[in-house]
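# Sequence plus the predicted model coming up.
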Amino acid sequence: MFRSVLVRSSSSAKQSLLHRSFSSSSVPERKVAILGAAGGIGQPLSLLMKLNPLVSSLSLFDIANTPGVAADVGYINTRSEVVGYMGDDDLAKALEGADLVIIPAGVPRKPGMTRDDLFNINAGIVKNLCSAIAKYCPHALVNMISNPVNSTVPIPAEIFKKAGMYDEKKLFGVTTLDVVRAKTFYAGKANVPVAEVNVPVIGGHAGVTILPLFSQATPQANLSGDVLTALTKRTQDGGTEVVEAKAGKGSATLSMAINGVPDVVECSYVHSTIIELPFFASKVRLGKNGVEEVLDLGPLSDFEKEGLEALKPELKSSIEKGVKFANQ
Ligand SMILES: NC(=O)c1ccc[n+]([C@@H]2O[C@H](COP(=O)([O-])OP(=O)(O)OC[C@H]3O[C@@H](n4cnc5c(N)ncnc54)[C@H](O)[C@@H]3O)[C@@H](O)[C@H]2O)c1
Ligand SMILES: O=C(O)C[C@H](O)C(=O)O
């Protein structure tokens, strides 16, 4: 059992652990809660959120080590107040009033494991955390990072439905790393500046369910079929490469959308009706209230059409696994 520690409390604790700065009145107040904030994803993500001028309050929750992370991040001289919370007794306080909850809580893969091998541990963690979200911040946007994303996103959807507060526009599975990798690998082969590259990645976030659409990549390049096959495989295996090299770290956030910046288009794993599966990663237009539009897939090459058919059985069964778990 972990002792519950509210990092914000006495004035001396405030001095050492709570950093508060006041915002200009023109910038809206936004509370972001990170669940799993002391982990490999959680710490750099906390740093990124502290650097984000759109965030006024940063709530760092974990089952361990949040006082140190909150103190460290809290001293950065940017706008947001930082409070660390530790242990289940503090979960309610960590979540109350949150506009955005980002969840990297759970265990990462070790070499030789698939993301699905994490299901038994992470599904329970996610279920518990999302039940608390339903209770304490039912209107928040939720970004799910914990793997296996293909199954961990359907879990809150079921929990939120039961709680009567499910808003499908507000639930995201973070698949940005797949896009980041596809852009990097493509730029290398196409010999174009990586900063100019765009590649949509659709499907899900595991193995063959990750389907980069290089036929839609810009700037266009005339790459052979063999090169495109190799690029696709490399994108699908990108996470495994990292896991093998250093135990699987990375982070991503859709937080720009919380300030209502128009026309933010990102690939994300969301509730979808563009194919027959209820959750699917594709380009989505984001706004203040979450998903404003799930964009069409656009034209696919024959190779990509085959990839799309090939990913459906695995993605379907991963979704069903999450749904079943949530309803047990
Ligand atoms: N979606 C993606 O693109 C993506 C990318 C990288 C990693 N991940 C996944 O993110 C997860 C975290 O990876 P990591 O490298 O940060 O792992 P990590 O082990 O370094 O950190 C996980 C953190 O979660 C905390 N935690 C565990 N149970 C918790 C609970 N019940 N409540 C709150 N916090 C809890 C741990 O104490 C730890 O600090 C993994 O499942 C990993 O596979 C997803
Ligand atoms: O591959 C992993 O296990 C972590 C993450 O999903 C990734 O793509 O890097």
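Yep, it's here. Numbers count the residues shown, from 1 in each chain. Ligands and ions are numbered 1, 2, ... in the order given.
# Gly290 versus Gly106, what's the distance?
According to Cβ to Cβ, to the nearest Å, Gly106 stands 23 Å off from Gly290. For the C-beta atoms, the positions are set from N, CA and C on the backbone; glycine is no exception.
# what ranges do the strands span in this protein?
5-6, 31-35, 57-62, 81-86, 100-103, 141-144, 171-173, 201-203, 210-212, 264-271, 279-287, 290-294 (DSSP state E).
# Format those as a markdown table; extra columns: mean pLDDT.
Shown next, in a markdown table, are these (pLDDT from 0 to 100):
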| stretch | mean pLDDT |
| --- | --- |
| strand 5-6 | 38 |
| strand 31-35 | 97 |
| strand 57-62 | 98 |
| strand 81-86 | 97 |
| strand 100-103 | 96 |
| strand 141-144 | 96 |
| strand 171-173 | 97 |
| strand 201-203 | 98 |
| strand 210-212 | 98 |
| strand 264-271 | 94 |
| strand 279-287 | 95 |
| strand 290-294 | 95 |
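# could you dump these to CSV with distance to ligand 2 and mean neighbour count?
Below are those laid out as CSV (distance: least, Cβ to the nearest ligand atom, whole Å; neighbours: other Cβ atoms under 10 Å):
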stretch, distance to ligand 2, mean neighbour count
strand 5-6, 29, 18
strand 31-35, 17, 29
strand 57-62, 18, 27
strand 81-86, 25, 26
strand 100-103, 13, 27
strand 141-144, 11, 26
strand 171-173, 10, 27
strand 201-203, 11, 28
strand 210-212, 8, 28
strand 264-271, 11, 21
strand 279-287, 12, 23
strand 290-294, 21, 18
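# Report the contact partners of the closest residue to Lys312 other than its chain neighbours.
Leaving aside its sequence neighbours, Lys312 sits nearest to Leu277 (Cβ to Cβ, 6 or more residues apart in numbering; 6.6 Å). By Cβ atoms under 8 Å, 6 or more residues apart in numbering, the residues touching Leu277 are 312, 315-316, 319.
# Distance check, the residue most central in space within the chain against Thr114.
When Cα atoms, centre = their mean is applied to the chain, the residue found nearest the centroid is Val174 (3.1 Å). In this view, Val174 and Thr114 are 18 Å apart by Cβ to Cβ.
# same thing with Gly203?
16 Å.
# just Lys170 next, same as before
Lys170 is 28 Å from Thr114, by Cβ to Cβ.
# of these two, who's got more company?
Higher neighbour count among Lys170 and Thr114: Lys170, with 22 against 15, using other Cβ atoms under 10 Å.
# I'd like to check which residues are in contact with that one.
Residues in contact with Lys170 (Cβ under 8 Å, 6+ apart) are 139-142, 289-291.
# what does the chain have sitting close to ligand 1?
Contact residues, the chain versus ligand 1 (Cβ under 6 Å from any ligand atom): 35-36, 38-42, 61-64, 104-109, 118, 122, 125, 129, 145-147, 149, 174, 177, 205, 248-250, 252.
# Now do the helices in the stretch 1-150 of the chain.
Residue ranges of the helices in the stretch 1-150 of the chain, as given by DSSP state H, counting those that start in this stretch, are 11-17, 42-51, 66-74, 91-95, 119-136, 149-152.
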